[in-house]
Structures are given as C-alpha cells and as structure tokens.
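J.: Sequence first, then the predicted structure, then my questions.
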Amino acid sequence: MDTDRTLRVFTDFYRERGHHLITGSTLLPPPGDPVLFTTSGMHPLTPYLEGRPHPGGRRLVNVQRCLRTTDLDEVGDSAHLTVFEMLGSWSLGDYEHSRSLRWGYELLRDGFGIPHERLHVTVFGGDDQVGPDVESLGTWRELGVPVDQTTEDNWWSNGPVGPCGPDSEIFVWTGETSPQGTPTTDPRWVEVWNHVSMRYRRHEDGGLQPLERPSVDTGMGLERLVTILQGRESVYETDLFEPWTRLLPPLWDLDEPSLRLISDHLRSGVVVIGDGVRPSNTGRGYVLRRVVRRLLTSLRREDPSRTLSDLPVELLRHTLDHFRLTCGTEVVRAELLREERRFDTLLERGRRLLSLPRYQGPLSERDYEYLHDTHGLPRDLVVGLRSRE
C-alpha cells in the first residue's frame, strides 16, 4: 500500500463515519500561538478540546504537517524525521472512547490489512489520582486483542497544565517470527496509534478536574504506518524517500547515516521554505538555517566541493507535491543556494578564527559558546573545521 492510498484509506474511513476533513496544510501555528511550528496533530485543536465549538462540527479528521527539533540528534535512525505528518481523528464531546477504539481496530484490520494476531495494546492501569481505565480494558478484551496495563506510559497530557487523560497505545508486531513478548518487553512491537480519552484538566497545583465535555483525540504517524504497511525496516526504505535514495547516491558518495540525515534535512528545508519561512538568525528562520547548515556540514565532511547546485529538481518537485505546497521549485532552489553561499562565508570566517593561536589547543566549553554566540559558529561546524586541519 503506497503512501497516497494510505492517506485516502484513512481519511475516507472517517469521512464515511461523519467526520469533517479539516486542513492540516501548514507547519505554522495560528496567530497568537507562542510555539514556532506545529508539533502534533492535536496542537491546533487545543481550544476545541477544552470546549470551544469547532466550525467543522464535533467529528473531525485531518492530516497535519508537523516539525520537531527535539529529535534532531536521532534523525537518521529507522523512524525519526524532522518534518512528518500525523493522521488524526477527533470526537469533540460526541462519541465515547470505546467507539474510537473499535473504529481504530476496524481500520487497522480491515482497511490496512494488519492481521489481528499482530496487534497488542497498552492501557492506563491507574495511579494515586485516577483509577484504571476499565472502559478501554474491557473494549480490547471484547475485541480479543492482548492488552497490558501501565501507568506513566498510558497517560497523555498537554504539558504540566491543561487537558489530559488516559490513553490506549496500539502496537504492531514487526518481527519476522510469530509475535513474542509484549510491547514492554520486546522492541519489535512498534507503537503505531494512540487514542486519548481527554477527560480531565490538570491545574497548576497538580489537581485534576473532570471536563464538562470529554473528547477523544487520536494520532498516528503517517511515515511510521507506511513503513509497517510496506514491510520495511526504515522509513527511508519506503516510497516516501524512493526518489532520494535513488538520485542522491549517484550524485554524492555518502555513507548510510549521512544519506539519511541529508535526505531528511533537505526534505524538511524544502517544506519549511514552501510554507513561507526564510532563513534568519531568530525564530522560525533560525530553525530553518540550523537544519540547512547541519545538512551542509554533513554533506561537506568528506568532500568540501559538494554543492546544492547539483541537487536534482525532481527531489524538490516530489517533496512539494507530496506536501501539497504551491511554491515553485525555483523559489526553493534559490533560497537553498542563497543559504549555501552564506554558509561558505561562515566557513571562511571560521577557518580564519580557528587559525588564531588561542584556538590551536583543546577547546573549552567557554570557547565553543563564544564561537557560537559571537560568530555564529555551531559546535559541529567547529569540530568539522578542526578535523580538516
């Protein structure tokens, strides 16, 4: 099942059940939101989960574009990406959590063809404030899906205060053998979908107040789902990254970790630029600049002559089309090359600075901080320049 069909199956399933398809077509949060980028499918819906009426009604579904920088150091493993998409469904005070779980099971089994025996779930087992989630426990047992109870792992909250509640995490077996162990004992059980029963509001004193209108919030990472449905070990082996893994290796001789990081960061840079952000030294622009300079540092590590001017336009077009961005490839290419020229200027300044006597020996943390804060030279760039001396 390719990515486009996966998206259609998900959205059609919920639209057939009365859900209104809302847009998730931008990384930029609504005006007044203090965060730089949307980080989850539910983020733009927080006011509605807290009780405000949504213009689209009480049943919603979307595909939300997201960006997270907290996982930058993990990009390149089998699952983490800087820009990704979340499949989400919501009941804003409409149907109960049990129905959400049953629909989720039906979609995974019948819509996506995941065998019943490859499913396992975990539910909230209770703590000193809230009892176990017996509703979810009973639902999964009726469906015949193996279920474990945990505490911290099955309680969802939107920060230290705000809406929260117990959740059910659905796992899929990805091993080549018959399913073994449980999600808490065997990493071949991969979490694919989270269904949150939004029942409470947590106050600053830690106390919980039941919400007048409980809601259901579900979130499933598209890229992780596609990896499972296509029987791949890594998201980089799916059709989402097929053009990257086909076109970059002949162009640049990269090891696997570098190929993954550069593919992810270039793809993310294209999306952020397509959403109207431009590189700068503050805010969203700084996030974009950091991503582009990280990929350039990795790209130039083995061969300083490599340049983004050689990047095939097909990769830009594929990314813009997938994320439904109307920005032309020429605009994206021009911004990437402009930032590459700035990076070259930064490299030259860095070489001059690091040639000074004070930087000839081991560098202290204070040296790294000074080079970054005063001259804009990040640690990984300084390390790379010194390694070439």
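T.: Good, I have the coordinates.
J.: use CA for all of it now, contacts and neighbours both
T.: OK.
J.: Can you name the residues in contact with the helix or strand of the chain at the bottom of the mean pLDDT ranking?
T.: The weakest-scoring helix or strand in the chain, judged by mean pLDDT, DSSP states H and E, is helix 379-387 (a mean of 79). Identification of contacts with helix 379-387 by C-alpha atoms under 8 Å, 6 or more residues apart in numbering yields 297, 301, 350, 351, 354, 368, 372.
J.: From these, pick the one nearest residue 32.
T.: Residue 32 lies nearest to residue 372 out of these, by C-alpha to C-alpha, at 29.9 Å.
J.: Which strand or helix spans residue 225?
T.: In the assignment (DSSP states H and E), residue 225 maps to helix 222-229.
J.: what about stretch 308-316, average pLDDT?
T.: Average pLDDT, stretch 308-316: 96.
J.: list the helices and strands the helix or strand just after the helix holding residue 225 packs on?
T.: Note on helix 222-229: by DSSP H and E, the next helix or strand toward the C-terminus is helix 242-251. For helix 242-251, the packing partners by 3 or more C-alpha pairs under 8 Å, 6 or more residues apart in numbering; DSSP states H and E come out as helix 256-274, helix 313-322.
J.: Measure how the last one sits relative to helix 242-251, angle-wise.
T.: Think helix 313-322. 160 degrees (axes from the mean of the first three to the mean of the last three C-alpha atoms, to 10 degrees).
J.: What residues sit buried inside helix 313-322?
T.: By 16 or more other C-alpha atoms under 10 Å, the buried positions in helix 313-322 come out as 315, 316, 317, 318, 319, 320.
J.: Using CSV, lay out the residues you listed together with distance to residue 92.
T.: Listed next are those as CSV, based on distance: C-alpha to C-alpha, whole Å:
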residue, distance to residue 92
315, 39
316, 38
317, 37
318, 35
319, 33
320, 32
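J.: ok so, going back, let me have the contacts of helix 379-387 in a markdown table, adding pLDDT and secondary structure as columns.
T.: What follows is the contacts of helix 379-387, written out as a markdown table (pLDDT from 0 to 100; DSSP: H, G, I helix; E, B strand; the rest coil):
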| residue | pLDDT | secondary structure |
| --- | --- | --- |
| 297 | 88 | helix |
| 301 | 82 | coil |
| 350 | 86 | helix |
| 351 | 87 | helix |
| 354 | 89 | helix |
| 368 | 89 | helix |
| 372 | 84 | helix |
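J.: Emit the ChimeraX select command for whichever of these are buried.
T.: Command for ChimeraX that selects the buried part of those, burial taken from 16+ other C-alpha under 10 Å:
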select :297,301,350,354,368
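J.: where in the stretch 51-200 of the chain is pLDDT low?
T.: 71 (pLDDT under 70).
J.: Show me where it has its helices.
T.: Applying DSSP state H, counting those that start in this stretch to the stretch 51-200 of the chain gives helices spanning 97-106, 134-143.
J.: Please identify the most buried of those.
T.: The highest average neighbour count among the helices of the stretch 51-200 of the chain, using mean count of other C-alpha atoms under 10 Å, belongs to helix 97-106 at a mean of 19.
J.: closest one to residue 86 among the helices and strands packed on helix 242-251?
T.: Of those, nearest to residue 86 by C-alpha to C-alpha is helix 313-322, at 13.9 Å.
J.: mind exporting the closest one as PDB, just the C-alpha atoms?
T.: Output of helix 313-322 as PDB, limited to C-alpha atoms (Å, rounded to 0.1, in the frame of the first residue of the first chain):
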ATOM      1  CA  VAL A 313      14.900  19.400  -9.400                       C
ATOM      2  CA  GLU A 314      12.900  16.100  -9.200                       C
ATOM      3  CA  LEU A 315      13.500  15.900  -5.500                       C
ATOM      4  CA  LEU A 316      12.200  19.400  -4.900                       C
ATOM      5  CA  ARG A 317       9.100  18.800  -7.000                       C
ATOM      6  CA  HIS A 318       8.400  15.400  -5.400                       C
ATOM      7  CA  THR A 319       8.500  17.000  -1.900                       C
ATOM      8  CA  LEU A 320       6.400  20.000  -2.800                       C
ATOM      9  CA  ASP A 321       3.800  17.800  -4.500                       C
ATOM     10  CA  HIS A 322       3.600  15.300  -1.600                       C
END
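J.: Run through who's touching it.
T.: Contacts for helix 313-322 (C-alpha under 8 Å, 6+ apart): 243, 244, 267, 270, 271, 274, 326, 327, 329, 332, 333.
J.: Kindly reformat the residues you listed as TSV containing distance to residue 136, pLDDT and neighbour count.
T.: Shown next, in TSV, are the contacts of helix 313-322 (distance: C-alpha to C-alpha, whole Å; pLDDT from 0 to 100; neighbours: other C-alpha atoms under 10 Å):
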residue	distance to residue 136	pLDDT	neighbour count
243	41	96	16
244	41	96	24
267	38	96	21
270	41	97	28
271	38	97	27
274	41	96	23
326	42	91	10
327	44	90	17
329	47	96	18
332	47	97	23
333	49	97	19
